[in-house]
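Q: Predicted model and sequence below, questions to follow.
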Amino acid sequence: MQGLARQSLTDRGGAERGLADRAAAPQPDFRPGLDGKGPLFGQIKRAVAGQILRGHWQAGERLPNEEQLSSLYGVSRQTVHKAIALLAREGFLVRRRRAGTFVATGRHDRFALPIEDIGDVVARAGSLYEFRILDRRSLRNGEAVRWPDVPDGTPILSLDCLHLSDGTPIQFERRLVNLDAVPEVAAEPFDSVPPSRWLVDQVPWSSAEHTVRAVNATADMAALLGVEPGAACLSIRRQTVHLNRAITLVHFLSVGDRFSLSGASITDSATELNL
């Protein structure tokens, strides 16, 4: 890659070497050009994605860090962080704590749009959003719960959460998180940030699968959501995956007349670049 000098990193042995062993030591003189279109974070995102899609940055290579990139482009570190976070979410990059940011070894060309965070939906409607963690347990897959796409025995965090709008329950969430893939979630108390928002902000994903169907509230769910048993509800099952590794499996149950889905199609970085 032009402008980057390669060097070997310290041998960490075995599987722990991962992408870091193939990394290049980035030099701060490499600067993919910006296209001048739209917000700076979007321009930086497209510039970096372009280098990856055109093969100028190879799988496993380490990018300049956020401080270097912010200096190169003359923008805030927050702007660079937003661009890198979006690329990680699309599966272009892998962020490794204390090691740096690397070009992913595999990704999908298009990425599913996640269901909009319920907190954003409530806030946009001008209402007060609240959430409550009803239950939190650490389990092993196959004990009490079974996650088909995760090996038996895998450590899992199980969370039950209730979402409210102006004090009225609108959605129940039951979530499983793969602790092998996201070990740091075990220490997150979720005092001020709900699990869905925390995962979106902290964990990259490259694909999402959704199943949506209409159901009637059971007696237990009706009592929790404050509706009559048999009330019409919307059931949504979503699993997110990053680089063929399941991250989280979640079931949402929303009160039919208190919740709606809306959204718009977006293009991925490859489409934006006409590649």
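A: Right, received. Where do you want to start? Numbering: from 1, shown residues only.

Q: what about the chain, any weak spots by pLDDT?
A: 1-32, 106-116, 206, 243, 259-275 (pLDDT under 70).

Q: again, only using 50
A: 1-29, 108-114, 263-267, 271, 274-275 (pLDDT under 50).

Q: Tell me which stretches of it form strands.
A: For the chain, the strands defined by DSSP state E occupy 5-6, 24-25, 93-96, 100-103, 129-140, 155-165, 168-178, 207-216, 232-242, 245-255.

Q: okay, those, which one's buried deepest?
A: strand 100-103 (a mean of 22; mean count of other C-beta atoms under 10 Å). No exception for glycine: its C-beta is placed from N, CA and C like everyone else's.

Q: Tabulate the strands of the chain in a markdown table, adding columns for distance to W57.
A: Listed next are the strands of the chain as a markdown table, based on distance: least, C-beta to C-beta, whole Å:
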| stretch | distance to W57 |
| --- | --- |
| strand 5-6 | 12 |
| strand 24-25 | 9 |
| strand 93-96 | 10 |
| strand 100-103 | 5 |
| strand 129-140 | 38 |
| strand 155-165 | 34 |
| strand 168-178 | 28 |
| strand 207-216 | 22 |
| strand 232-242 | 19 |
| strand 245-255 | 22 |
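
Q: Which of these sits closest to S76?
A: strand 100-103 (17.2 Å; C-beta to C-beta).

Q: residues contacting A219?
A: Neighbour list for A219: P229 [criterion: C-beta atoms under 8 Å, 6 or more residues apart in numbering].

Q: could you measure it against T79, distance?
A: 50 Å (C-beta to C-beta, to the nearest Å).

Q: cool, and F252?
A: For F252, the distance to T79 - C-beta to C-beta - is 32 Å.

Q: For the residue nearest to L34 when sequence neighbours are not counted, list the residues it contacts.
A: Excluding the flanking residues, the one nearest L34 by C-beta to C-beta, 6 or more residues apart in numbering is Q43, at 4.2 Å. Applying C-beta under 8 Å, 6+ apart, we find Q43 in contact with L34, D35, G36, K37.

Q: Kindly tell me how buried the residue nearest to L86 when sequence neighbours are not counted is, as a neighbour count.
A: Distance criterion C-beta to C-beta, 6+ apart; nearest residue to L86, sequence neighbours excluded, is K45 at 5.3 Å. Around K45 there are 23 other residues, counting by other C-beta atoms under 10 Å.

Q: and the gap between K45 and L93?
A: 10 Å.

Q: okay, and the common contacts of the two?
A: Joint contacts of K45 and L93 (C-beta under 8 Å, 6+ apart) are L87.

Q: what about dumping the CA coordinates of stretch 230-243 to PDB?
A: Only the C-alpha atoms of stretch 230-243 are listed here, as PDB (Å, rounded to 0.1, in the frame of the first residue of the first chain):
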ATOM      1  CA  GLY A 230     -55.300 -11.300  23.200                       C
ATOM      2  CA  ALA A 231     -54.500  -7.700  22.200                       C
ATOM      3  CA  ALA A 232     -52.900  -7.300  18.800                       C
ATOM      4  CA  CYS A 233     -49.100  -7.000  19.000                       C
ATOM      5  CA  LEU A 234     -46.200  -6.900  16.700                       C
ATOM      6  CA  SER A 235     -43.500  -9.600  17.200                       C
ATOM      7  CA  ILE A 236     -40.000  -8.900  15.800                       C
ATOM      8  CA  ARG A 237     -37.100 -11.300  15.900                       C
ATOM      9  CA  ARG A 238     -33.700  -9.900  15.000                       C
ATOM     10  CA  GLN A 239     -30.300 -11.500  15.000                       C
ATOM     11  CA  THR A 240     -27.100  -9.500  14.200                       C
ATOM     12  CA  VAL A 241     -23.900 -11.100  12.900                       C
ATOM     13  CA  HIS A 242     -20.400  -9.800  12.400                       C
ATOM     14  CA  LEU A 243     -18.000 -11.700  10.200                       C
END
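
Q: chain center to it: distance?
A: 16 Å (C-alpha atoms, centre = their mean, to the nearest Å).

Q: picking that back up, roughly how far apart are the residue nearest to L34 and R124?
A: In terms of C-beta to C-beta, Q43 sits 27 Å off from R124.

Q: Then R89?
A: Counting by C-beta to C-beta, the gap from R89 to R124 is 21 Å.

Q: Okay then, goodbye and thanks.
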